[in-house]
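[1] below is the sequence, then the predicted model.
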Amino acid sequence: MSNIAIKAINLTKMYGKFIAVDHINFEVYEGEIFGFLGPNGAGKSTTIKMLTTVLKPTEGTAIVNGYDIIKQPALVRQSIGVVPQEYTADEDLTGWENMMMMAGLYGIPKDIAKERAKELLEMVELTHAANRKVETYSGGMRRRLEIAMSLISRPKILFLDEPTLGLDAQTRAAIWQYILKLKEEYKMTIFVTTHYLEEADMYGDRIAIIDKGKILAIGSPKELKEKVGGDVISLQTSNDEEALKIISSVEGVIDVKKMNDGIRIKVKDGEEKAPEILESLMKNGIKVSRMSITEPTMDEVYMEFTGKRLRDEEASAQEMFAFRRTVRRART
Ligand SMILES: Nc1ncnc2c1ncn2[C@@H]1O[C@H](COP(=O)(O)OP(=O)(O)OP(=O)(O)O)[C@@H](O)[C@H]1O
């Protein structure tokens with residue numbers, strides 16, 4: 001049994017009467033990448049803020065690195081690194097000065113701080129820009145600097161709130177390479193929130209799916225996909241209401257749902273069942289304009305547990321909004 005790095009116990013946050021995080025329980029094991037996956041507004045940032053002692057829970061608590069977030073917040077803070085969603089680096093200082101400022105906050109002696117800053121800036125490939133003011137950095141460079149800053153105290157656990165938000169695909173991949181390196185070389189525990197399904201799938205050792213303040217599923221990507229099982233047939237028809245009735249009476253159909261973009265059918269073997277379903281629809285005068293058969297992906301897993309798609313377009317619109325908000329905050 002692995003050691004537990006984080007344990008949330010009935011962790012709850014209310015803003016007035018609104019429950020942002022609703023009695024959640026989970027464990028994060030030492031040395032793993034734990035992905036907290038959910039749409040905007042699901043409660044991810046609120047959870048991270050409670051775990052990192054920025055916000056006080058309304059109810060429940062959590063143990064982080066063996067310390068209680070309510071009773072021992074200072075000890076929690078000393079043992080963790082945090083990269084929040086908003087930019088935190090000082091724009092008027094250089095990358096190097098930001099590193100030193102962070103080291104100062106932790107009371108790290110100057111000579112040790114210099115050594116670590118050099119090593120960390122090298123790791124995130126910012127040595128060449130160390131003496132430039134942060135205001136000249138791109139979004140990706142800022143994120144890399146902030147990851148380096150969060151590591152200056154050699155934390156055992158690193159919390160990252162949407163570290164790849166608003167970054168291009170190449171920079172996102174590079175950020176993940178640093179995160180993987182921290183796990184592999186420094187055996188660090190990483191708690192990371194994201195609304196990118198493919199990032200959670202590719203890099204998460206285990207994932208929690210959170211929506212409307214509740215955890216709907218926890219497991220490795222493989223375990224979650226196995227839970228969904230079978231194949232998924234997606235259809236667009238000339239009469240979805242009628243099609244639903246017909247499909248649900250076809251033998252071997254495990255589940256059929258109307259989605260925003262058509263009908264989703266769960267069956268054990270898609271290739272075997274699809275012709276039968278098509279035939280029964282055609283017999284009843286229903287035309288099928290599009291059909292696809294897929295094995296469960298994280299997208300399917302997400303849909304299975306939340307009942308909706310985490311749409312790319314939706315994500316990118318919200319992402320741009322959040323990114324602009326972050327940039328605005330960085331400027332003020
Ligand atoms: N200070 C606050 N006062 C009132 N409501 C809040 C406050 N902060 C967050 N909320 C609400 O709580 C819910 C959860 O917000 P939270 O920021 O934790 O979500 P999230 O999953 O991190 O999404 P995002 O990625 O957009 O930050 C949202 O509905 C949000 O509007």
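    Here it is on my side, so go on. Numbering: from 1, shown residues only.

[2] where along the protein do the helices fall?
    Using DSSP state H, the helices of the chain run over 44-51, 73-79, 95-105, 110-123, 139-150, 169-186, 197-203, 221-228, 240-248, 270-283, 298-306, 312-331.

[3] and the contacts of the first one?
    Same thing as helix 44-51. Here helix 44-51 makes contact (Cβ atoms under 8 Å, 6 or more residues apart in numbering) with 6, 8, 11, 13, 20-21, 24, 36, 38, 55-57, 62, 64, 69, 82, 84-85, 159, 161-162, 191, 193, 195, 210, 213. (Glycine included, C-beta is placed from N, CA and C.)

[4] filter these down to the ones in strands?
    Among the contacts of helix 44-51, DSSP state E puts 6, 8, 11, 13, 20-21, 24, 36, 62, 64, 82, 159, 161, 191, 193, 210 in strands.

[5] same for the ligand: which of those are within range?
    residue 20 (Cβ under 6 Å from any ligand atom).

[6] what about residue 293, neighbour count?
    Neighbours of residue 293 under the rule other Cβ atoms under 10 Å: 15.

[7] which residues touch it?
    Per Cβ under 8 Å, 6+ apart, neighbours of residue 293: 231-234, 270-271, 274.

[8] weed out the non-buried ones from the residues you listed.
    231-234, 270, 274 (16 or more other Cβ atoms under 10 Å).

[9] quick one: which of the residues you listed is nearest residue 217?
    Closest to residue 217 out of the buried ones among the contacts of residue 293 is residue 232 (16.7 Å), distances taken as Cβ to Cβ.

[10] that closest one against residue 270, yeah?
    Yes - counting by Cβ atoms under 8 Å, residue 270 is a contact partner of residue 232 at 7.1 Å.

[11] returning to what we had before: buried subset of the ones in strands among the contacts of helix 44-51?
    Buried subset of the ones in strands among the contacts of helix 44-51 (neighbour count, 16+ other Cβ under 10 Å): 6, 8, 11, 13, 20-21, 24, 36, 62, 64, 82, 159, 161, 191, 193, 210.

[12] what's the closest non-adjacent residue to the one residue in the stretch 101-250 of the chain that gets nearest to the ligand?
    The ligand sits closest to residue 162 of the stretch 101-250 of the chain, with a gap of 5.8 Å, by Cβ to the nearest ligand atom. For residue 162, ignoring the flanking residues on the chain, the nearest one in space by Cβ to Cβ, 6 or more residues apart in numbering is residue 85 at 5.1 Å.

[13] gap between that neighbour and the ligand?
    6 Å (Cβ to the nearest ligand atom, to the nearest Å).

[14] what's the neighbour count on that residue?
    If we define neighbours as other Cβ under 10 Å, then residue 85 has 21 of them.

[15] per-residue confidence at it?
    pLDDT, residue 85: 88.

[16] that older thread, would a markdown table of the contacts of residue 293 with distance to residue 147 and pLDDT be doable?
    A markdown table is the format used below for those (distance: Cβ to Cβ, whole Å; pLDDT from 0 to 100):
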| residue | distance to residue 147 | pLDDT |
| --- | --- | --- |
| 231 | 39 | 86 |
| 232 | 37 | 86 |
| 233 | 42 | 91 |
| 234 | 38 | 91 |
| 270 | 42 | 87 |
| 271 | 45 | 88 |
| 274 | 46 | 92 |
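
[17] farthest-apart pair in these, please.
    The distance between the two most remote of the contacts of residue 293 (Cβ to Cβ) is 14.0 Å, for 234 and 271.

[18] so residue 57 sits against residue 13, correct?
    Yes - with contacts defined as Cβ under 8 Å, residue 57 counts as touching residue 13 at a distance of 5.8 Å.

[19] coming back round to it: now the contacts of residue 293 as TSV including distance to the ligand?
    Shown next, in TSV, are the contacts of residue 293 (distance: Cβ to the nearest ligand atom, whole Å):
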residue	distance to the ligand
231	31
232	26
233	31
234	27
270	33
271	38
274	37
